[in-house]
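Participant: Whatever this is, show me its structure:
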Amino acid sequence: MYKRMSMAAVALLLATACNQDPTSAASSNELVLAQNAQVIAQDVANSTHTTCVHWIGRLLDTLRTTDDPEALAFLAQAHDYRDSARAAFAAGDREAARNYLKLSFQAVLSAVIEIYPNAPERTGQAVDSALDRIETFLGDRDAPRIRAILDHVKDLRAQADAALASGDSVTALVLNLRGIQILHRLVEHVRDHHQDHDQVADSEMNEVGY
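Facilitator: The predicted structure is shown next:
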């Protein structure tokens with residue numbers, strides 16, 4: 001069962017909706033639905049330990065007591081790419097910085113997969129479970145923005161499955177983690193009408209320390 005919102009949280013969402021441009025803001029009812037749907041997604045992610053934070057945390061914990069040369073090499077590579085991203089950002093080259101961050105994230109996920117080969121599949125299953133539970137919760141309620149985001153996450157899942165079938169497990173994990181991150185921040189995406197859900201999710205995941 002999803003958690004009930006506190007009255008303060010409902011009031012905050014209603015106030016936020018009223019302060020937005022009525023021609024572009026999501027309805028207050030859809031914001032309440034998004035809050036409950038987000039709690040569902042967070043419950044699934046936390047119970048299955050399949051968020052970006054969970055996977056990287058497990059990786060680091062394992063490497064403290066386990067000698068896995070390949071995983072350690074991937075993690076060292078990730079650190080090097082992150083250092084290059086900082087240098088590029090300091091030099092004002094934001095495009096290069098973003099590219100290095102992308103490479104760094106892929107390298108750390110390669111380390112995750114080295115130790116947990118089923119990480120892409122498990123994460124994909126968690127996303128599917130969250131989608132199913134959210135759609136069951138929504139029923140036939142009017143929630144166009146939420147449903148559009150759910151459709152986008154379904155598309156990410158299809159891309160992830162295709163990548164996995166082709167042998168690209170890193171891309172599969174990236175896409176599945178992106179999907180679960182989007183659902184994990186559903187209220188913000190609905191309320192703020194983000195045009196690029198992927199970029200927002202990727203930026204949030206790049207902030208995870210390793």
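
Participant: wait, doesn't residue 60 sit right on residue 112?
Facilitator: No: assessed by Cβ atoms under 8 Å, residue 60 is found out of contact with residue 112, at 10.0 Å. Placement of C-beta: from N, CA and C, glycine included.

Participant: The two: which is more packed in?
Facilitator: Between residue 60 and residue 112, counted using other Cβ atoms under 10 Å, the more crowded position is residue 112 (26 against 14).

Participant: who's in contact with that one?
Facilitator: 55-56, 58-59, 119, 173 (Cβ atoms under 8 Å, 6 or more residues apart in numbering).

Participant: Tell me how far it lies from residue 173.
Facilitator: 7 Å (Cβ to Cβ, to the nearest Å).

Participant: got it, and residue 208?
Facilitator: Residue 208 is 14 Å from residue 173, where distance means Cβ to Cβ.

Participant: When those two are compared, which one has more neighbours?
Facilitator: residue 173 (28 against 15).

Participant: ok, that one touching residue 119?
Facilitator: Yes: with contact defined as Cβ under 8 Å, residue 173 reaches residue 119; the gap is 5.6 Å.

Participant: Mutual contacts of those two, please.
Facilitator: Common neighbours of residue 173 and residue 119 (Cβ under 8 Å, 6+ apart) are 55, 109, 112-113.

Participant: Grab the most central residue of the chain for me.
Facilitator: For the chain, the residue nearest the mean C-alpha position is residue 181 (1.7 Å; Cα atoms, centre = their mean).

Participant: which ones are touching that one?
Facilitator: Applying Cβ under 8 Å, 6+ apart, we find residue 181 in contact with 51-52, 201, 204-205.

Participant: average pLDDT across stretch 154-168?
Facilitator: Averaging pLDDT along stretch 154-168 yields 98.

Participant: which other residues reach that stretch?
Facilitator: Contacts of stretch 154-168 (Cβ under 8 Å, 6+ apart): 120-121, 124, 127-128, 131, 169, 171-173, 175-176, 178-179, 182, 198.
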